[in-house]
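Colleague: Take a look and give me a structure for this.
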Amino acid sequence: MRFTTFAATLASVASIVAASPLALQARQEAARFGLVSVTPSDFVGGDDITIVYNASTATHQPEFVDFYIQGTFTDTSNRTPFFLIQRNDFAADQQILTLNEHVPDALNNLGAGNWVLTAFVTFEQDGLTEVGGISA
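Modeller: Predicted coordinates for the structure are as follows:
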């Protein structure tokens, strides 16, 4: 019994340690670019989705926030190109952007799936225009 409990505890600790670098990376990206979510998360062409971008954690105030989706080709497992869903100006005092969008039906003709939404955030820092992204 003790060995089983010890093994279970060890496995739990190992999974936490293994997940920590990913969690740290996600927190760092959120601190730089904000947070984005999409509902439903398993969308396909023809679906209506709700996108919420939250800039309250971003290091710099965005000037623009562009939403793109990218999938995986089912026959090769290669990534598709990015497809623009919506381009947005972001006001200087704005923190939250919520959009209701329709995913283009034509995506179903590409032989791809596992679609992921990415917010590409454009901001100025030290006189330079930077672009970075965070995925839902």
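Colleague: Spell out which helix or strand contains residue 32, please.
Modeller: helix 2-33 (DSSP states H and E).
Colleague: Dump the next helix-or-strand element following that helix to PDB, restricted to CA.
Modeller: Where DSSP H and E defines the elements, the next helix or strand beyond helix 2-33 is strand 35-39. Extracted in PDB, the C-alpha atoms of strand 35-39 (Å, rounded to 0.1, in the frame of the first residue of the first chain):
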ATOM      1  CA  LEU A  35      -5.200  36.900 -23.000                       C
ATOM      2  CA  VAL A  36      -7.500  35.500 -25.700                       C
ATOM      3  CA  SER A  37     -10.200  32.900 -25.600                       C
ATOM      4  CA  VAL A  38     -12.600  31.500 -28.200                       C
ATOM      5  CA  THR A  39     -15.900  29.700 -27.700                       C
END
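Colleague: List the contacts of the residue nearest to residue 110 when sequence neighbours are not counted.
Modeller: Excluding its sequence neighbours, the residue lying closest to residue 110 (CB to CB, 6 or more residues apart in numbering) is residue 80, at 6.4 Å. Yep, even glycine has a C-beta here, placed from its N, CA and C like the rest. Contacts for residue 80 (CB atoms under 8 Å, 6 or more residues apart in numbering) come out as 70-73, 110, 112.
Colleague: Drop anything exposed from these.
Modeller: 70-71, 112 (16 or more other CB atoms under 10 Å).
Colleague: export those to TSV and tack on pLDDT and distance to residue 90?
Modeller: Supplementary listing: the buried ones among the contacts of residue 80 in TSV, determined by pLDDT from 0 to 100; distance: CB to CB, whole Å:
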residue	pLDDT	distance to residue 90
70	98	21
71	98	26
112	97	29
